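> This is a predicted model, with the sequence first.
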Amino acid sequence: DAKTTQPTSMDCAEGRAANLPCNHSTISGNEYVYWYRQIHSQGPQYIIHGLKNNETNEMASLIITEDRKSSTLILPHATLRDTAVYYCIVLTGNQFYFGTGTSLTVIP
Amino acid sequence: NAGVTQTPKFQVLKTGQSMTLQCAQDMNHNSMYWYRQDPGMGLRLIYYSASEGTTDKGEVPNGYNVSRLNKREFSLRLESAAPSQTSVYFCASSEASAGKETQYFGPGTRLLVL
């Protein structure tokens, strides 16, 4: 299983960019990196995913290093509603393996 | 379009009782999944169904059974509940074709086993 390592917690000022790092040094060449978030105890919400290239959607940007051993999720203008636990996941086969994620707190 | 729905939202059981958690999706997805989440932990896969008529064990299948009733519905059964099964249970679904593995999650069922 490709494991991921994330910081346990981070703070970010409201309106600033939140940069959430993730290490996945054992990732295989055809495995995607996914990001989800979980607000309170709700069901995880899909944010973005990528394989090799950087990706952007209406929620966030995903930067994957050239060697694919790490990635960064960027929330360009964090709001209080972005306070959540963020999970970086490597899709292995057809299974997601969730770690404990990064608890992001957006501070007013 | 409701997405993934789960029933019940909350349940309290006594040790040894049985119950079935229900999950349904209206996105015409091929694959469905059951996860559990313990306090302070990430989600762990219990069982999944890659397509109608098939089921496979995930990371933590012991003490559970599943049924893929049809393409829309995937149920999780606890035959004899134990306190260790106190958790939040999430159902998810995905199209599961190449490049479309994104999973969409339901709101969860909170289970307390006394």
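Ah, there it is.

> Around chain B, pick out the residues from chain A.
A:32, A:34, A:41-46, A:49, A:87, A:91, A:94-101 (C-beta under 8 Å from any C-beta of the partner chain). Glycine gets a C-beta too; all of them are placed from N, C-alpha and C.

> how does it look with 6 Å?
For chain A, the residues in contact with chain B (C-beta under 6 Å from any C-beta of the partner chain) are A:Gly43, A:Pro44, A:Tyr46, A:Leu91, A:Asn94, A:Gln95, A:Phe98, A:Gly99, A:Thr100.

> Now do the helices in chain B.
Here chain B has no helices by DSSP state H.

> longest single strand anywhere in chain A?
Longest strand in chain A, counting residues (DSSP state E): strand A:84-92.

> Identify the residues contacting the helix or strand following it?
Remark: after strand A:84-92, the chain's next helix or strand is strand A:95-96, criterion DSSP states H and E. For strand A:95-96, contacts defined as C-beta atoms under 6 Å, 6 or more residues apart in numbering or on different chains pick out A:Ile89, B:Leu45.

> Flag the shaky bits of chain A, pLDDT-wise.
Counting by pLDDT under 70, the ranges of chain A that qualify are A:1-2.

> Emit the ChimeraX select command for whichever of the residues of chain A next to chain B are buried.
Only the buried entries of the residues of chain A next to chain B go into this ChimeraX selection, using 16 or more other C-beta atoms under 10 Å in any protein chain shown:
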select /A:43,44,46,91,95,98,99
